[in-house]
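[1] Could you look at this predicted model? Sequence included:
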Amino acid sequence: MSLAAPLPTPAHPLTDASPFRWHSPEVSLSAGELWTPPVPAGLSTGDHGRALLRAARQAGAPDACVVGALPFHPDEPAALAVAPTPDRAAPRPQPPGALSQPLLLRDGQSVPSAAEFETMVERAVQAIRAGALEKVVLGRLLHLDLGGPPPCVTALVDRLAVRHPAGFTFALRLPGRPDRTLVGASPELLVCKCGATVTLRPMAGTRARHPDPRTDGALAADLLGSAKDRAEHAVMVEAIRSALAPLCRTLDVPDRPNVTSTATLWHLVTPITAELRDPACSVLDVVERLHPTPAVGGVPGAAARAFIREHEPFARGLFAGAVGWCDARGDGEWAVTIRCAEIGAQAVRLFAGAGVVGDSVPALERAETAAKFRTMLDALGLDARTLGGAL
Ligand SMILES: C=C(O[C@@H]1C=C(C(=O)O)C=C[C@H]1O)C(=O)O
């Protein structure tokens, strides 16, 4: 199988797909339809989930799940819906079969441009050195204007799930915007809850992988030994520990991170496990407490979010948010919405960010975002080299 081969083109590439799909190492879940019952405005994330599940029960769907995505900025609207009859025995995708037309591109642009991104990182470094904040994650978009039909969402998700078996592959047709689908393969588990047990795998600290195994291994060792990356990771773990502790009876946070890999990147990761105090606490209550973590926001959280709103020349919306599912028991899995794209009829928008600290080098942070775009570019069958200067 060639992962760079083109994707097939079905009759309706966007709307023929399931409106929600999820493939984690543990669970494959697919929804045939989504409901969006009205819920009161201004609910917390946990209460929003409970209101949706109550509406589903009242409509005769006791086994419904809440599925969807939360925005990066918690004050923006969530894209949560009810999957009334989720298929939790959905098969894991197999390598894609017959392929047809390649994706035709009219144009590809980074917003901000690669040079403007570096300037933005430099400003963040100065703000950090001046003591305004400790860490901020800055992102950029890659806008692809299509010169032909959009990619087939079903085939795209299959391809991502096959290529990222340890990750969290998702597709969500946006409620109220049926011509747009959020698709991605996140490596990062925000939180999984099963009964009283919660697990998290927060990540911060990145190196692009190398095709030569010795060089690749040396890059992983370099990441594990890097004072800059370890510091960036440590501020994130501490923020998560203090957000989570009030909810927990036990909390196990290892002293040092491990390295973990995706197909294209190495990351530092700290696997965290905890037992919740309150059996009525749902996975969405935990998400509400944690999100956005410093893996996508920064430290202190409010100062970092304000810096992002002021400096990034686009609205993150659902990018760098959280995506997942929650069942009637309050159990579920939520991943950080990264390594993803919004697929539209005429355009595809990809998001990638990088954590900036006081000793960040702007050109390296830009290169890191370029490497992160590759998860979606590879799945779309696009060679990063064809985008040249944009990256
Ligand atoms: C923000 C992204 O990734 C996050 C940032 C990382 C970093 O700064 O090293 C690593 C993994 C993710 O937590 C992204 O992929 O867009």
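    Nice, I can see it.
[2] What residues of the helix or strand containing residue 234 count as buried?
    Using DSSP states H and E, residue 234 sits within helix 227-244. Neighbour-count burial for helix 227-244 flags 228-237, 239-241, 243-244 (criterion: 16 or more other CB atoms under 10 Å). Heads up, the C-betas are built off the backbone N, CA and C, glycines and all.
[3] Over to stretch 51-65?
    51-53, 55-56, 61, 64-65.
[4] So which of those are in helices?
    Here DSSP state H is the test, and these give 51-53, 55-56 as lying in helices.
[5] ok, so of those, who is nearest the ligand?
    Closest approach between those and the ligand, by CB to the nearest ligand atom: residue 52, at 27.6 Å.
[6] shouldn't residue 165 be in contact with residue 28?
    No - using CB atoms under 8 Å, residue 165 makes no contact with residue 28, being 11.3 Å away.
[7] Show me which of the two is the more surrounded one.
    A count of neighbours by other CB atoms under 10 Å puts residue 28 above the other of residue 165 and residue 28, at 18 against 14.
[8] Rebuild the ones in helices among the buried residues of stretch 51-65 as TSV, extending it with pLDDT and distance to residue 315.
    Converted to TSV, these look like this (pLDDT from 0 to 100; distance: CB to CB, whole Å):
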residue	pLDDT	distance to residue 315
51	98	26
52	98	25
53	98	29
55	97	29
56	97	30
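[9] Quick one: residues contacting the residue nearest the centre of the chain.
    Nearest residue to the geometric centre of the chain (CA atoms, centre = their mean): residue 337, 1.8 Å. Applying CB atoms under 8 Å, 6 or more residues apart in numbering, we find residue 337 in contact with 69, 72, 170, 182, 184, 186, 318-323.
[10] distance of residue 162 from the ligand?
    For residue 162, the distance to the ligand equals 20 Å [CB to the nearest ligand atom, to the nearest Å].
[11] Residue 226 now?
    For residue 226, the distance to the ligand - CB to the nearest ligand atom - is 11 Å.
[12] Over to residue 147?
    Note on residue 147: its distance to the ligand, by CB to the nearest ligand atom, is 26 Å.
[13] Contact partners for that residue?
    Taking CB under 8 Å, 6+ apart, we find residue 147 in contact with 104-106.
[14] and with 6 Å instead?
    Neighbour list for residue 147: 104, 106 [criterion: CB atoms under 6 Å, 6 or more residues apart in numbering].
[15] and what of residue 110?
    140, 142, 390.
[16] from the ones in helices among the buried residues of stretch 51-65, which two are the most distant?
    51 and 56 (9.8 Å; CB to CB).
[17] Residue 332 contacts residue 287, correct?
    No - using CB atoms under 6 Å, residue 332 is not in contact with residue 287, being 8.8 Å away.
[18] And these two? Which one has more around it.
    Neighbours were counted for residue 332 and for residue 287 using other CB under 10 Å; residue 332 has more, 25 against 22.
[19] From residue 27, how far out is the more buried one?
    Remark: distance between residue 332 and residue 27 (CB to CB, to the nearest Å) = 9 Å.
[20] Most proximal residue of the stretch 1-150 of the chain with respect to the ligand?
    For the stretch 1-150 of the chain, CB to the nearest ligand atom, closest residue to the ligand: residue 137, 5.3 Å.
[21] How much space separates that residue from residue 211?
    Here the criterion is CB to CB. By it, residue 137 lies 28 Å from residue 211.
[22] With neighbour numbers in mind, choose between the two.
    Shown here are residue 137 and residue 211; by other CB under 10 Å, residue 137 has more neighbours (28 against 6).
[23] Kindly list the main-chain dihedrals of the more buried one?
    phi -100, psi 120 (degrees, to the nearest 10).
[24] Residue numbers of the stretch 201-350 of the chain in contact with the ligand?
    The stretch 201-350 of the chain has residues 203-206, 267, 295-296, 338-339 near the ligand, with proximity defined as CB under 6 Å from any ligand atom.
[25] Can you pick out the most distant pair from those residues?
    205 and 339 (15.7 Å).
[26] Which parts of the stretch 1-150 of the chain are strands?
    Using DSSP state E, counting those that start in this stretch, the strands of the stretch 1-150 of the chain run over residues 20-23, 28-31, 65-70, 79-83, 105-111, 135-146.
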